[in-house]
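Engineer: give me coordinates for this.
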Amino acid sequence: MCIRDRSIGSQTLTDIVKERKPKISCFGHAHDSRGIKQIGDTVFVNSNVFGSSFNKGEKILDPINILYNKKNKDIIVLGNHQEESA
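Structural biologist: Numbers count the residues shown, from 1 in each chain. Here you go, the predicted structure:
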């Protein structure tokens, strides 16, 4: 997965997502790539709460909340989904 112009994570998982094309792919382990990006019909959400400051003992970030309306297939993101700067 690529959030900030570089590829991170499992290539196998990326291939599965590309093949199955889910509406949303949520994950949260990559500490330096918090954010949301749409590729094709899939919205990728890296909702980690530590950000790139994980090893610096800085504050935990607010969670990213997502609402999905199954009826009309709208995706709504609530809250700040950008990594906060130190």
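Engineer: now the helices for this protein?
Structural biologist: Under the criterion DSSP state H, the chain carries helices at the ranges 11-20.
Engineer: in it, where is pLDDT below threshold?
Structural biologist: 1-8, 29-32, 51-59, 79-86 (pLDDT under 70).
Engineer: let's go with 90 and repeat that
Structural biologist: 1-15, 17-18, 23-70, 72-86 (pLDDT under 90).
Engineer: show the end-to-end separation of stretch 16-28, please.
Structural biologist: One end of stretch 16-28 sits 17 Å from the other (C-alpha to C-alpha, to the nearest Å).
Engineer: one more: stretch 22-37?
Structural biologist: 14 Å.
Engineer: please tell me how far K37 sits from V43.
Structural biologist: 8 Å (C-beta to C-beta, to the nearest Å). Placement of C-beta: from N, CA and C, glycine included.
Engineer: more neighbours: the two, which one.
Structural biologist: Per other C-beta atoms under 10 Å, whichever of K37 and V43 has more neighbours is V43, with 18 against 15.
Engineer: which residues in the protein form strands?
Structural biologist: 24-27, 35-39, 42-46, 65-69, 74-78 (DSSP state E).
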